[in-house]
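Undergrad: how would this look folded up:
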Amino acid sequence: MTQFGDGALIACDRLVRIYQAEGIEVQALQGLDLTVGKGELTALVGASGSGKSTLMNILAGLDVPTAGSVRVDGHDLASMSARQRLAYRRSTVGFIWQQTARNLLPYLTGTQNVELPMRLAGAPGQARRSRCAELLEALGVAHCGPRRPDQMSGGEQQRVAIGVAIANSPSVLLADEPTGELDSVTAATVFGALQTANSALGVTVLIVTHDPAVSSMVRRVIAIRDGRTSTETLRAAAGDGTADDLGHAVEYAVLDRAGRLQLPREMTEALGMRDRVRLEQNPDHIGVWADSANGDRANGNKANGHGNGHAAGRDSAGRDSAEGAR
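TA: The predicted structure is shown next:
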């Protein structure tokens with residue numbers, strides 16, 4: 001039997017995370033489905049409290065799901081022991097925090113910080129020095145090798161932190177708002193380093209960001225709302241072969257494994273949809289209308305872009321989408 005997400009580097013299947021806070025149950029993730037392929041550079045966006053940070057902590061091995069399954073590069077994170085999680089964090093996944101001070105040890109130089117994960121993994125001295133020099137050069141911070149973090153700028157600290165995170169050649173690099181404390185020019189250099197880690201060093205990168213400049217420069221942007229993936233914005237290759245080979249962006253609504261579809265609030269409100277809707281299957285689309293019993297359906301007009309309705313069909317790539325949801 002084929003497993004959900006077979007072939008994907010990251011596969012979250014109906015992921016649930018529930019917290020107990022002062023006797024109150026908080027559902028941070030509510031059956032989230034997500035797949036990320038090897039070699040992708042993907043941005044994750046969503047409002048505060050949508051579940052982004054919870055998802056990143058689970059993928060980083062820092063938290064465990066309440067229900068559902070999550071696999072990263074063949075590792076079943078829901079069933080790992082504490083010892084296995086430690087090994088996973090050292091070898092399979094790298095993590096970058098928004099706060100620059102959390103990423104580097106203040107009393108070590110840039111070189112010593114980058115070499116530390118390799119030292120803990122038992123890499124020999126010559127291999128550590130060679131790998132460290134390669135990373136600092138590729139990330140444009142070779143000059144920071146002999147400097148301590150307080151002698152570096154914020155952008156330099158984050159680029160050295162990327163070197164630390166990928167020192168042991170992890171399969172996945174997770175970055176939680178890596179440009180959140182930086183100005184736009186410095187943020188661009190940090191994002192350039194993430195692109196280098198992805199394209200030149202072969203690391204799959206997943207970025208949580210509120211920065212529109214970052215989300216506009218990746219091929220895939222996944223939006224999370226109320227603990228589930230709600231939309232994806234995809235950019236096809238423009239075909240010019242350049243590093244910034246990004247084409248026109250198209251936004252899709254996400255149809256999860258349970259058949260749930262989150263329609264954009266601005267669309268449902270404009271069409272008077274609430275509580276329940278009526279569905280009708282057609283040869284090439286599904287019609288969605290406001291419940292006429294509420295008096296929200298106007299003149300019996302169907303969902304053709306002119307009445308109180310919405311039509312869902314399949315796009316040219318074979319994805320389920322909502323017509324007009326872009």
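Undergrad: Give the bridge partners for the residue nearest to Thr268 when sequence neighbours are not counted, please.
TA: Nearest residue to Thr268, sequence neighbours excluded (C-beta to C-beta, 6 or more residues apart in numbering): Arg274, at 7.1 Å. In this view, the C-beta of every residue, glycine as well, is placed from N, C-alpha and C. Arg274 forms beta bridges with Arg276, as assigned by DSSP bridges.
Undergrad: how close does Arg274 sit to Gly227?
TA: Distance, Arg274 to Gly227, by C-beta to C-beta, to the nearest Å: 21 Å.
Undergrad: Of these two, give the one with the bigger neighbour count.
TA: Just comparing Arg274 and Gly227: by other C-beta atoms under 10 Å the higher neighbour count belongs to Gly227, 24 against 12.
Undergrad: Not counting its neighbours along the chain, what's nearest that one?
TA: Leaving aside its sequence neighbours, Gly227 sits nearest to Gln30 (C-beta to C-beta, 6+ apart; 3.6 Å).
Undergrad: Low-confidence bits of the stretch 101-250 of the chain, can you list those?
TA: Filtered on pLDDT under 70, the stretch 101-250 of the chain yields the residue ranges 237-247.
Undergrad: now the helices for it?
TA: With helices called from DSSP state H, counting those that start in this stretch, the stretch 101-250 of the chain shows them at 110-120, 125-138, 154-165, 184-199, 212-215.
Undergrad: And the ones you listed: which comes nearest Ala78?
TA: helix 154-165 (23.4 Å; C-beta to C-beta).
Undergrad: Which elements pack onto the closest one?
TA: Helix 154-165 is packed against strand 93-96, helix 110-120, helix 125-138, helix 184-199, with contacts defined by 3 or more C-beta pairs under 8 Å, 6 or more residues apart in numbering; DSSP states H and E.
Undergrad: can you list contacts of that helix?
TA: Contact with helix 154-165 is made by 94-97, 100, 103-104, 110, 113-114, 116-117, 132, 135-136, 139-141, 144, 149, 152, 173, 178-179, 181-182, 186-187, 189-190, 193-194, 197, as judged by C-beta atoms under 8 Å, 6 or more residues apart in numbering.
Undergrad: Tell me how far that helix lies from the chain's centre.
TA: Distance, stretch centre to chain centre, for helix 154-165: 19 Å (C-alpha atoms, centre = their mean, to the nearest Å).
Undergrad: ok, now stretch 188-201?
TA: Remark: stretch 188-201 is offset 16 Å from the chain centroid, using C-alpha atoms, centre = their mean.
Undergrad: In it, which residues are buried?
TA: 188-191, 193-198, 201 (16 or more other C-beta atoms under 10 Å).
Undergrad: and what of stretch 14-26?
TA: Neighbour-count burial for stretch 14-26 flags 14-15, 17 (criterion: 16+ other C-beta under 10 Å).
Undergrad: Likewise for stretch 283-294?
TA: Buried-residue list, stretch 283-294, by 16+ other C-beta under 10 Å: 285-290.
Undergrad: wait, doesn't Ala142 sit right on Glu134?
TA: No - with contacts counted by C-beta atoms under 8 Å, Ala142 stays clear of Glu134, the gap being 9.8 Å.
Undergrad: ok, and what's touching stretch 180-196?
TA: For stretch 180-196, the external contacting residues (C-beta under 8 Å, 6+ apart) are 41, 98-100, 138-140, 153-155, 158-159, 162, 173, 175, 178-179, 205, 207, 209-211, 213-214, 217, 243.
Undergrad: Closest one to Ser50 out of the buried residues of stretch 14-26, please.
TA: Of all the buried residues of stretch 14-26, Arg17 has the smallest distance to Ser50: 12.4 Å, by C-beta to C-beta.
Undergrad: Given the helix or strand the closest one falls within, what are its sheet partners and their directions?
TA: Arg17 is part of strand 10-21, with elements assigned from DSSP states H and E. Paired strands of strand 10-21, with direction, are strand 24-36 (antiparallel), strand 67-72 (antiparallel) (DSSP bridges).
Undergrad: So which bits of the first one are buried?
TA: Right, strand 24-36. The neighbour-count check on strand 24-36 (16+ other C-beta under 10 Å) flags 28-36 as buried.
Undergrad: ok, so of the residues you listed, who is nearest Leu9?
TA: Taking C-beta to C-beta as the measure, Leu9 lies nearest Val36 of these, at 5.8 Å.
Undergrad: wait, the residue nearest to Thr268 sits on Arg265?
TA: No - contact criterion C-beta under 8 Å: Arg274 and Arg265 do not qualify, at 10.6 Å.
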